[in-house]
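In: Sequence first, predicted model second:
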Amino acid sequence: MKKYSFKNDYSEGCHPNILEALIKTNLSQQNGYGYDGYCEEARLLIHQKMNNDDADIHFVSGGTQANLLVISSILRPHESVISAETGHIFTNETGAIEATGHKVHGLATSDGKLKPEHIQSVLDLHTNKPHQVKQKLVYISNSTEIGTIYKKKELQELSEFCKTNDLYLFMDGARLGQALTSEINDLTLEDIANLTDVFYLGGTKNGALLGEAIIITNKKLKEEFGFHIKQKGAMLAKGRLLGIQFSELMKNELYFDLAKHSNVQAMKIKSAFQKKGFQFLSETFTNQIFPILSNSQIEKLAENFDFYIWKKVNEERSAIRIITSWATPDKIVDDFIININQL
């Protein structure tokens with residue numbers, strides 16, 4: 001029997017509504033490069049969700065591409081970006097940002113989240129201007145790469161600190177749906193639009209075949225962004241493919257329902273590990289959990305399921321990463337819990 005994979009939340013294709021919409025609209029002629037009716041409809045729906053008609057919205061194919069486009073468009077040659085060490089731009093993008101000539105300051109944090117004091121520590125080390133790079137952008141992820149989320153007070157404090165110190169705030173939203181539907185979340189999409197300069201809604205990890213919606217709220221960052229998209233090969237002639245997907249995801253709360261499903265499935269698994277007395281690498285309430293198991297227990301679970309060994313704790317134990325998706329079935333979760341109970 002083929003192992004079920006808990007390695008990521010993009011192993012499946014897409015939600016059936018998207019496939020049906022792609023087929024239904026297949027022969028409809030549309031303008032190219034994101035000027036089609038479907039992209040316009042998707043933009044309208046997103047504007048309504050965040051109660052902001054002024055934001056610019058651009059659809060691109062993936063998260064690394066979105067990060068590269070946003071950061072490289074904002075920073076001047078002598079400027080740098082601050083990130084948690086767990087941040088995707090610091091650990092999993094093959095130096096994409098550095099390749100554009102910009103330094104990434106990676107900071108160690110216990111929960112994957114940046115606080116004003118973290119950022120201040122970098123600013124304090126770069127006062128010898130113009131002989132050092134100038135920090136201009138703060139990059140955060142919500143949910144983070146280790147499954148934690150920002151609460152409203154935390155984001156307000158970050159936003160205020162960035163404004164006071166003339167820094168832009170950019171939120172990677174590859175799993176923003178999961179963050180917003182977490183049982184402990186107190187942020188809204190409108191809050192995020194008000195408290196950041198730019199962020200994106202992730203589709204790839206939440207029911208789309210592919211695609212992210214970059215949302216620029218700061219007027220200073222809007223001008224000429226389209227040139228960056230085109231120059232870096234991110235402007236699809238058939239932009240409709242992205243518009244159709246986001247239009248379907250934004251209808252009838254589908255985007256948020258899919259994210260909530262992935263969270264609920266992960267929390268069922270988390271509860272099973274907790275009842276068996278397992279500890280976790282981080283306290284999470286989204287679709288990523290990081291239980292700490294012995295080497296023999298990991299081998300036992302790996303007989304029937306795929307997952308990543310995330311971090312070695314000591315010679316005898318490691319944290320594994322379990323990720324559920326918008327499509328993770330109840331039966332699979334039930335079977336996995338049976339296996340957990342047998343450890």
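Out: Arrived safely.
In: quick one: secondary structure of the nearest residue to residue 112 once chain neighbours are set aside?
Out: Excluding the flanking residues, the one nearest residue 112 by CB to CB, 6 or more residues apart in numbering is residue 144, at 3.5 Å. All C-beta atoms are positioned from the backbone trio N, CA, C, and that covers glycine. Per DSSP: H, G, I helix; E, B strand; the rest coil, the local secondary structure of residue 144 is coil.
In: any idea how far residue 161 is from residue 144?
Out: As judged by CB to CB, to the nearest Å, residue 144 and residue 161 stand 18 Å apart.
In: One more: residue 266?
Out: As judged by CB to CB, residue 266 and residue 161 stand 31 Å apart.
In: How about residue 308?
Out: For residue 308, the distance to residue 161 - CB to CB - is 33 Å.
In: Those two - which one has more neighbours?
Out: Neighbour comparison, residue 308 and residue 161: the larger count goes to residue 161, with 19 against 14 (by other CB atoms under 10 Å).
In: Does that one touch residue 117 like I think?
Out: No: with contacts counted by CB atoms under 8 Å, residue 161 stays clear of residue 117, the gap being 9.2 Å.
In: for the stretch 101-250 of the chain, what spans make up the helices?
Out: Secondary structure of the stretch 101-250 of the chain (DSSP state H, counting those that start in this stretch): helices at 116-124, 152-164, 176-180, 189-195, 219-222, 225-231, 240-250.
In: Let me know which of the ones you listed is tucked in deepest.
Out: Among the helices of the stretch 101-250 of the chain, helix 176-180 has the highest mean neighbour count (mean count of other CB atoms under 10 Å), at a mean of 29.
In: any residues touching that one, and which ones?
Out: The contact list for helix 176-180 (CB atoms under 8 Å, 6 or more residues apart in numbering) reads 142-143, 149-150, 173, 185, 187-189, 192, 199-202, 205-206, 255-256, 258-259, 262-263, 286-287.
In: now do 6 Å
Out: With contact meaning CB atoms under 6 Å, 6 or more residues apart in numbering, helix 176-180 is reached by 142, 143, 149, 201, 202, 206, 255, 259, 263, 286, 287.
In: For these, which single residue is the most surrounded?
Out: In the contacts of helix 176-180, the most neighbours by other CB under 10 Å go to residue 287, 33 neighbours.
In: what's the nearest residue to that one if we skip its chain neighbours?
Out: Closest to residue 287 by CB to CB, 6+ apart is residue 262, at 3.9 Å.
In: measure that neighbour to residue 328 for me?
Out: From residue 262 across to residue 328, the span is 7 Å (CB to CB).
In: which residues are common contacts for these two?
Out: Common neighbours of residue 262 and residue 328 (CB under 6 Å, 6+ apart) do not exist.
In: quick one on the thing from earlier: and which of the contacts of helix 176-180 is nearest residue 166?
Out: Distance to residue 166 across the contacts of helix 176-180 (CB to CB) is lowest for residue 142, with 22.5 Å.
In: any idea how far the closest one is from residue 309?
Out: Distance from residue 142 to residue 309, by CB to CB: 25 Å.
In: can you list the domains in this protein?
Out: 4-10+255-341, 16-253 (automatic domain parsing).
In: and the longest one, how far apart are its ends?
Out: With CA to CA, to the nearest Å as the measure, domain 16-253 spans 15 Å from end to end.
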